[in-house]
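*Asks:* Using only what follows, build the 3D model:
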Amino acid sequence: MKADIFQAIGHPIRLAIVELLKDGEMCVCDIATRVGAERSNVSRHLAVLLSAGVLSVRKDGLKMIYELTTPCVLNFLSCVTDLVRQKVHNDAKALADS
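*Replies:* Next comes the predicted model:
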């Protein structure tokens, strides 16, 4: 179950979608524009995130509106960002010391 969630957010486009939705709900058309991908491609990624329970969707007229159901995943992403920064810092320091 945990691995399914990690796998769901592990793709670059799905990760971008999760980070995009941290500011609030959004329709698929706006998500596609913001992540720079085709709407059909974004829809497939949204389906993966929905299946994992990371997102929820509601209909508003003709639009499908998506939102994070698990904002706590942003804490994990923040931790990963800190880890990446630390690794880059350590790699740069090792390179400078060599």
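*Asks:* Determine the number of other residues adjacent to Val28.
*Replies:* The local packing of Val28 (other CB atoms under 10 Å) involves 19 other residues. The way it works is simple: take the backbone N, C-alpha and C, and place the C-beta from them, glycine included.
*Asks:* right, and it touches Arg44 too?
*Replies:* No. Applying CB atoms under 8 Å, one finds Val28 not in contact with Arg44, separated by 10.7 Å.
*Asks:* Could you check how far stretch 62-78 is from the centre of its chain?
*Replies:* 8 Å (CA atoms, centre = their mean, to the nearest Å).
*Asks:* Need the distance between the two termini of it.
*Replies:* End-to-end distance for stretch 62-78, by CA to CA, to the nearest Å: 34 Å.
*Asks:* helices or strands up against the helix or strand bottoming out on mean pLDDT in the chain?
*Replies:* Comparing every helix and strand of the chain by mean pLDDT, DSSP states H and E singles out helix 2-9 as the least confident one, with a mean of 88. Helices and strands touching helix 2-9, as assessed by 3 or more CB pairs under 8 Å, 6 or more residues apart in numbering; DSSP states H and E, comprise helix 12-20, helix 39-52, helix 73-97.
*Asks:* Quick check: which of those is nearest to Ile5?
*Replies:* Among the helices and strands packed on helix 2-9, helix 39-52 comes nearest to Ile5, with 5.1 Å by CB to CB.
*Asks:* Pull out the buried positions in the next helix-or-strand element following the closest one.
*Replies:* Per DSSP states H and E, the first helix or strand lying C-terminal to helix 39-52 is strand 55-60. Buried residues in strand 55-60, defined by neighbour count with 16 or more other CB atoms under 10 Å: Leu55, Val57.
*Asks:* One more: stretch 55-74?
*Replies:* Applying 16+ other CB under 10 Å to stretch 55-74 flags Leu55, Val57, Ile65, Tyr66, Leu68, Thr69, Thr70, Val73 as buried.
*Asks:* how close does the fourth one get to Ile9?
*Replies:* Spelled out, that is Tyr66. According to CB to CB, to the nearest Å, Tyr66 and Ile9 sit 14 Å apart.
*Asks:* Brilliant, that's me finished.
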